[in-house]
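J.: what follows is a predicted protein model with its sequence.
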2 protein chains.
Amino acid sequence: MTIDSRVGHRRALEHDGYRAQVDAVLDGFFDEAKARASRIGEAYLLLWQTLEANTIGGKRFRPRMVMTAYEGLGGERLETAAHVGAAFELLHTALIVHDDVIDRDFVRRGVLNVSGSYRERAQTAGIPIPAAEHRGMSVGVVAGDLALSGAYRLIERSPVHPITKTRLLDLLEEAVFASAAGELMDVDFSLNVSAASVDEVLAMERLKTAVYSFEVPLKAGAVLAGRDEPTVELLGEVGRDLGIAYQIVDDILGVFGDSQSTGKTTLGDLREGKRTVLMAYAATRPEWSEISGCLGNPDLPAEDAELVRGLLLSSGAESFARALARDFANRAWSGLQSPLIADRLRDQLAPVVASVLERTS
Amino acid sequence: MTIDSRVGHRRALEHDGYRAQVDAVLDGFFDEAKARASRIGEAYLLLWQTLEANTIGGKRFRPRMVMTAYEGLGGERLETAAHVGAAFELLHTALIVHDDVIDRDFVRRGVLNVSGSYRERAQTAGIPIPAAEHRGMSVGVVAGDLALSGAYRLIERSPVHPITKTRLLDLLEEAVFASAAGELMDVDFSLNVSAASVDEVLAMERLKTAVYSFEVPLKAGAVLAGRDEPTVELLGEVGRDLGIAYQIVDDILGVFGDSQSTGKTTLGDLREGKRTVLMAYAATRPEWSEISGCLGNPDLPAEDAELVRGLLLSSGAESFARALARDFANRAWSGLQSPLIADRLRDQLAPVVASVLERTS
């Protein structure tokens, strides 16, 4: 779920009007929730403030996908699209808050997440670490539920025709359904002794992230723009291919990226022992015994990480992953050539595809 | 959240037609979800089967509240009410699955819950306890999200007018919003050094359980029956008072109940150190120092529990709690005398109120 920071979509999708509109919807949502929460009590207000803080500063990537599809297909009520986009942003918040609980992460992008904020507050209050951590995770479970419920609420309150609303609520549920399947696969991978295959990793990454980040937001934009089912489905396929390509690039950058431009250390994925396409491929190669010995060591030294990088290169894992990302990006590009896709939308999505291809060349 | 097994509402709300209709809706919901999940994979199908197993055997208390209000106010499309009732049953599932994650409980009512089932599967696969427990809790987080999303889906799919649907979705969100506030208070209580006050415990119990179990389901039934706002609000107030009365009775039975008829040990609440009205009152009495020393000891011997019971009686905590439950039940009863409440509904809810009064006399 680290697409946003790593790939150059900021350049690709620079449209500050989108951001302002989405933020206005989210501000309104949180203002209302905080007003209601404050009538219950200070502690509940603080939870909502913490949840809101966890949504600030995001790239609004999923809302941009909704709005790009909508506007590119001729939609003119951008405020409505921002409303629906904001719902997907809240879904994103719900999923990462719960993902962090599952991964026992208390920090995201260098900032305390919901669990981390509450762990810290508990520690400050003199509660010892295990209990403080547990409190952090408990509040994380509750906060994620609120964000998930909030996503449904935002779509429910969108100013759209009831038939469109039903379709959008179905799409939101489709995203939740897929993400849960992907999270389950990820949990299972982390316990398995044998390494996951490339196909299994691709299925997991698609379900866990690509569906709710690309596939469904693009479909939602098309539904909002009043497009027929074939167009909606086609955009879904484009989103799926593009999303998978992004995830693979994300995996590559997680090990080989320039940490200055990605904002993330290139040690994290190795230390965590993350299951990626790189590793799934490498597991089929003789270099694997040496690579696997280094993975999942939380104190992996930089020299060993450099050694792993060399082995991922010499085993062909890195070039395999780049080629695979290119394949998926090219497939997305072919999909966009369909006459069902308006020129304007193709022009707007082209830089997103290009940014993947750039990174893999 | 242990209302169901402890109080005599089975007798009060014996209406097997309700159960059959609710179960039919839930069966349809899970059949569809399992068919979709099986297209993703065996592991995801197993998660859905596990979630479904966790909904079987419940008393369908919340659906009964929806359907009682609906039918008592003249509603005739019981199948529709069952649909909406089933949504509240799924919300109940979501909340208890996440509550068990937060409480690190792996068993509910003597049966493995979602976390417990997955912990056991992991252990059988040779995974050591801490990792197996963590896997159980991780899957519990995911499963609760699916149940919560399913609750929205069921209301979304109810065959009702869009305006009614909006109102019902708002009510579902109101229930989620309140339950989250109550869960947060409960988490906070368990960390506080000082005991919570009676008012704080009442607020927590109302928010965490009474709102989504009584208040909102009764309101939903009234909305479905096409009643105006004053009636809906009045039923909400009746539900609030009745729900609080139930919770207090639940607390009393948790310590003084006949474990044969409640199906629960009367040691559990004491060993867990549960914050109840009994304890909040006792904390203001000189007997507290002796009582508090016994609470929260997971190995509390039966003799010490008997000692605590004696102290709760002699301190007046037990009679205070009984009187408080009676007050709330009487308040609910007064509310039901309003001309806004049809005779039929009053007749149907009377035994529910009576069962509380019976237990407190």
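T.: Done, it's in.

J.: how much space separates the residue located most distally from the centre of chain A from residue A:139?
T.: Taking C-alpha atoms, centre = their mean as the measure, the residue most remote from the mean C-alpha position of chain A is residue A:126, 34.9 Å away. Note on residue A:126: its distance to residue A:139, by C-beta to C-beta, to the nearest Å, is 17 Å. The C-beta positions use only the backbone N, C-alpha and C, and glycine is treated the same way.

J.: cool, and residue A:212?
T.: For residue A:212, the distance to residue A:139 - C-beta to C-beta - is 23 Å.

J.: compare the two (neighbour count), which wins?
T.: Taking other C-beta atoms under 10 Å in any protein chain shown, residue A:212 and residue A:139 do not tie; residue A:139 has more neighbours (30 against 27).

J.: got any ranges where the stretch 201-350 of chain A has weak pLDDT?
T.: Residue ranges of the stretch 201-350 of chain A with pLDDT under 70: A:259-264.

J.: and whichever residue of it sits closest to chain B, helix, strand or coil?
T.: As assessed by C-beta to the nearest C-beta, chain B sits closest to residue A:207 within the stretch 201-350 of chain A, at 7.1 Å. Secondary structure state of residue A:207, per DSSP: H, G, I helix; E, B strand; the rest coil, is helix.

J.: quick one: contacts for it?
T.: The contact partners of residue A:207, by C-beta atoms under 8 Å, 6 or more residues apart in numbering or on different chains, come to A:178-179, A:181-182, A:185, B:40.

J.: number of nearby residues for the residue of chain A found nearest chain B?
T.: Nearest residue of chain A to chain B (C-beta to the nearest C-beta) works out as residue A:162 at 3.9 Å. Using other C-beta under 10 Å, residue A:162 has 12 other residues around it.

J.: so for it, what's the nearest residue that isn't a sequence neighbour?
T.: residue B:162 (3.9 Å; C-beta to C-beta, 6 or more residues apart in numbering or on different chains).

J.: quick one: the one you found from residue A:66, how far?
T.: Taken as C-beta to C-beta, the span from residue B:162 to residue A:66 is 22 Å.

J.: now do residue A:144
T.: 21 Å.

J.: who has more neighbours out of the two?
T.: Shown here are residue A:144 and residue A:66; by other C-beta under 10 Å, residue A:66 has more neighbours (33 against 28).

J.: and after the helix or strand containing the more buried one, which helix or strand comes next?
T.: If you go by DSSP states H and E, residue A:66 is part of helix A:61-72. Using DSSP H and E, the helix or strand that directly follows helix A:61-72 along the chain is helix A:78-103.

J.: show me what the mean pLDDT comes to for that following helix.
T.: Mean pLDDT, helix A:78-103: 97.

J.: leaving out the residues flanking it, which one is nearest to residue A:135?
T.: Excluding its sequence neighbours, the residue lying closest to residue A:135 (C-beta to C-beta, 6+ apart) is residue A:122, at 4.6 Å.

J.: ugh, wrong one, I meant residue A:316
T.: Counting by C-beta to C-beta, 6+ apart, residue A:285 is the residue found nearest to residue A:316 once chain neighbours are left out, at 7.0 Å.

J.: tell me the contacts of the residue lying closest to residue A:119 once chain neighbours are set aside?
T.: Once flanking residues are discounted, residue A:119 sits nearest to residue A:136: 3.3 Å by C-beta to C-beta, 6+ apart. With contact taken as C-beta under 8 Å, 6+ apart, residue A:136 is in contact with A:106, A:114-120, A:122.

J.: report the two of the residues you listed separated the most.
T.: Maximum pairwise distance in the contacts of residue A:136, criterion C-beta to C-beta, is 12.7 Å, between A:114 and A:122.

J.: neighbour count winner among these two?
T.: More crowded of residue A:114 and residue A:122, by other C-beta under 10 Å: residue A:114, with 30 against 22.

J.: from memory residue A:294 sits against residue A:304, does it?
T.: Yes. If you go by C-beta atoms under 8 Å, residue A:294 and residue A:304 touch, sitting 5.1 Å apart.

J.: just the CA trace of stretch A:203-213, in CSV.
T.: As requested, the backbone C-alpha atoms of stretch A:203-213 are provided in CSV (Å, rounded to 0.1, in the frame of the first residue of the first chain):
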residue,chain,number,x,y,z
ALA,A,203,-3.0,-12.4,-7.0
MET,A,204,-2.4,-11.2,-3.4
GLU,A,205,-1.2,-7.7,-4.6
ARG,A,206,-4.0,-7.3,-7.0
LEU,A,207,-6.6,-8.2,-4.3
LYS,A,208,-5.1,-6.4,-1.4
THR,A,209,-4.3,-3.1,-3.2
ALA,A,210,-4.9,-2.9,-6.9
VAL,A,211,-8.6,-3.5,-6.8
TYR,A,212,-9.5,-0.8,-4.3
SER,A,213,-6.8,1.6,-5.5
